[in-house]
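Trainee: Build me a model from this:
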Amino acid sequence: MMVHNQNQQLAIAYTNSDTKAVKAAQAGDIEAMSWLYDKYRRRIYNLCLRMLRDQADAEDLTQDVFVQLFRKIDTFRGESAFSTWLHRLAVNMVLMDLRSRNTKRYSFIPIETTNEEDDSLYEQLGREDSSLRSSLDRVVIRNAMENLPPGYRMVFLLHDVHGFEHQEIAEILSCSVGNCKSQLHKARLKMRRIIEGRTIPEESRMAAA
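Mentor: Got it, this is the predicted structure:
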């Protein structure tokens, strides 16, 4: 309970710092803009790198994200956490970039949506998969993750790597919480199949053809 309270206090402190910096940046404070860039640049770069799998492309897109951030920062109204808002901006730009790449390497599987959704159907699907994490080293997990289709990889990255809750991811990706949990469940199943050798990654099949 003490650890949970400490985490809550840290989260509140980070949120308060973001709020102050954003308000200052909206007023044209260059130092505040630099503070936001320094704080979030690495996270945004890592997201871009894991999705695009190219360092130069990831660096370019990271810079584009922050250019757009400072152009649009006046539109941030505090209706969600700043980190959620920033990641939504980054994700949208990553997905636009992926859709512009007309190659099978970057084929995109979107977040699935249905007209009638019942989040209770996915009640068990988004839970932490300890067996997947504990039995494998980081290199194996990273290699398996890189063979996920981008749609699955995005949800896996946001939840299991960046630590966003399902509600936040649903907001970032403009989908329901139920769909977010379902997509994460499918991503983990596909990762396990890749790791266990039950399926051959798409790129390997193409290379062997």
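Trainee: When you work out contacts or count neighbours from here on, use the C-alpha atoms and nothing else.
Mentor: Will do.
Trainee: buried stuff in stretch 189-200?
Mentor: Lys190, Met191, Arg192, Ile194, Ile195 (16 or more other C-alpha atoms under 10 Å).
Trainee: cool, stretch 146-164 as well?
Mentor: Here stretch 146-164 shows 146-159, 164 as buried, counting by 16+ other C-alpha under 10 Å.
Trainee: out of those, which are inside helices?
Mentor: Glu146, Pro150, Gly151, Tyr152, Arg153, Met154, Val155, Phe156 (DSSP state H).
Trainee: In space, what's closest to Glu168 - neighbours in sequence excluded?
Mentor: Leaving aside its sequence neighbours, Glu168 sits nearest to Thr84 (C-alpha to C-alpha, 6 or more residues apart in numbering; 6.5 Å).
Trainee: The one you found and His166 touch, don't they?
Mentor: No. Applying C-alpha atoms under 8 Å as the test, Thr84 and His166 come out as separate, 11.5 Å apart.
Trainee: With neighbour numbers in mind, choose between those two.
Mentor: Taking other C-alpha atoms under 10 Å, Thr84 and His166 do not tie; His166 has more neighbours (20 against 16).
Trainee: what's near enough to touch that one?
Mentor: His159, Val177, Cys180, Lys181 (C-alpha atoms under 8 Å, 6 or more residues apart in numbering).
Trainee: And Ser17, by the same measure?
Mentor: Contacts of Ser17 by C-alpha under 8 Å, 6+ apart: none found.
Trainee: State the pLDDT value of the nearest residue to Val22 once chain neighbours are set aside.
Mentor: Nearest non-adjacent residue to Val22, counting by C-alpha to C-alpha, 6+ apart: Ala32, 7.1 Å away. As predicted, Ala32 sits at a pLDDT of 94.
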